[in-house]
Structure formats: C-alpha cells, structure tokens
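Asker: Build the 3D model from these lines:
(2 chains)
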Amino acid sequence: MNESIGLIIMGAGALLMVFAGIGLLRMPDFLLRLAATSKSSSLGIALIAVGTALFFWDDGVTLRMAAIVLFVFLTAPVASHMIGRAGYRSGTPLWHGTTIDEMGRDETGKGIRG
Amino acid sequence: MNNLQYIPLVLLAIVAVAFGLSFIRFMLGPSRADRVIALDTLTIVAIGAALTAGVWTRSVFLLDIGLLLALLAFVSTVAFAYYQERRNDR
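Answerer: Model prediction:
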C-alpha cells in the first residue's frame, strides 16, 4: 500500500522536473529561466524524496531523504539568488519585453550595469 | 506487487526527459549564467534519477549518491557564481 502511494508521489515529482526542463528551455531570459526552474525543481526533488521514503518504509532511508530535502531547501534559494545577482551584475542581456529594471540606473540617471 | 514492477522504469524515463531538456539548454545557452542555471537543474534532476534508480533496483546504496549530489550542487553553483561575478564579461 505504501509502495503505491510512494510511486504516485514520485510520479508527481518527476512531472515537476519535466516542467522545470520545459521552463528552462522555453523562457526567453535567464532571470525567467531561473524563476521557472529553481522552485519547481526544488519541489520536484522534495516529492521524489518523500515518495522514496514511503516506498522503502525504513528508518535509515527516511533519515537520508529528510537530509536531502532539508539541504536542498536550504541551499537552492541561496544558490539561485547568487547566480541571479552575478548574472545581472555582469551585464547579461535581459528580455526585450522587460518593462521595469529598477537596478538599471542610480539616482543620477546613469546606468550601473556598464 | 508484481504489477508495480515497471513503474519505476517509467518514472526513470520521465526524469530522463527532464534531463534531456535541461541538457539542451546547457548546450545552447547564450550566456554563462544560462549554463550555470542549467547545470544546477541538471544536478537536481540527477538526484531525482539516483533516487528513482534506487527505487527501481531496490537498493539503498544508490540513495547515498543522491545525498552526495545534493551536497555538491550548492558548492558548484556558488563557485560558478563567484567566478561569473569576478569576471566582467558574459
């Protein structure tokens, strides 16, 4: 019984990973790609880990899956924030449909992105 | 129990589709930030593939690879972000 529930939850996680891949491939800008992939891949790995823990139904496996989920949820926002800031500040071009770019200029009207 | 035997293989195929989509973006990403994002996604998808393969073969040892990749993904992404911010080209 718990094997079936675990496999269903793992299927939801695998579909979320496919959505992350589609977002990574289809979005026009690196910030949009970052926003599309970081959240859905984190939730996908959490669902796959929960499904694996339900599938094995073992204390050691559950502890390892909890460690994976905790570590990914702690580090994935930090990592995506760092790569987003680094990519923005090094002047990676934004999408042409971007309407507001509040870091693009300081109060003298001069751009800081070079 | 026997009819659940091939479902992890189907899940592994779905995860492989996600890996392929991310790998296409990794190969043709125009800037270096795109490639780093694609590499981060590839590592997380690889964790999912390791867990799914562990479920398929019913071996606990493949789950440790997932834990190791989870530790490695953060370090590689932060290292590439520092490198990107020190170099001032794209």
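
Asker: pLDDT below threshold where in chain A?
Answerer: Counting by pLDDT under 70, chain A contains low-confidence residues at A:104-114.

Asker: quick one: the helices in chain B?
Answerer: In chain B, helices defined by DSSP state H lie at B:7-28, B:32-57, B:61-86, listed in chain order.

Asker: can you list those in JSON lines and add distance to A:Phe19, mean pLDDT and mean neighbour count?
Answerer: Backbone N, C-alpha and C define where each C-beta goes, glycine included. Shown next, in JSON lines, are these (distance: least, Cβ to Cβ, whole Å; pLDDT from 0 to 100; neighbours: other Cβ atoms under 10 Å in any protein chain shown):
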{"stretch": "helix B:7-28", "distance to A:Phe19": "8", "mean pLDDT": "94", "mean neighbour count": "18"}
{"stretch": "helix B:32-57", "distance to A:Phe19": "11", "mean pLDDT": "93", "mean neighbour count": "24"}
{"stretch": "helix B:61-86", "distance to A:Phe19": "19", "mean pLDDT": "89", "mean neighbour count": "17"}
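
Asker: As CSV, those helices with distance to chain A would be great.
Answerer: Shown next, in CSV, are these (distance: least, Cβ to the nearest Cβ, whole Å):
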stretch, distance to chain A
helix B:7-28, 3
helix B:32-57, 3
helix B:61-86, 4
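
Asker: Is there proximity between the longest helix along chain A and chain B?
Answerer: Longest helix in chain A, counting residues (DSSP H): helix A:59-89. Yes - Helix A:59-89 comes into contact with chain B (Cβ under 8 Å from any Cβ of the partner chain), by way of A:60-61, A:64-65, A:67-68, A:71-72, A:75-76, A:78-80, A:82-87, A:89.
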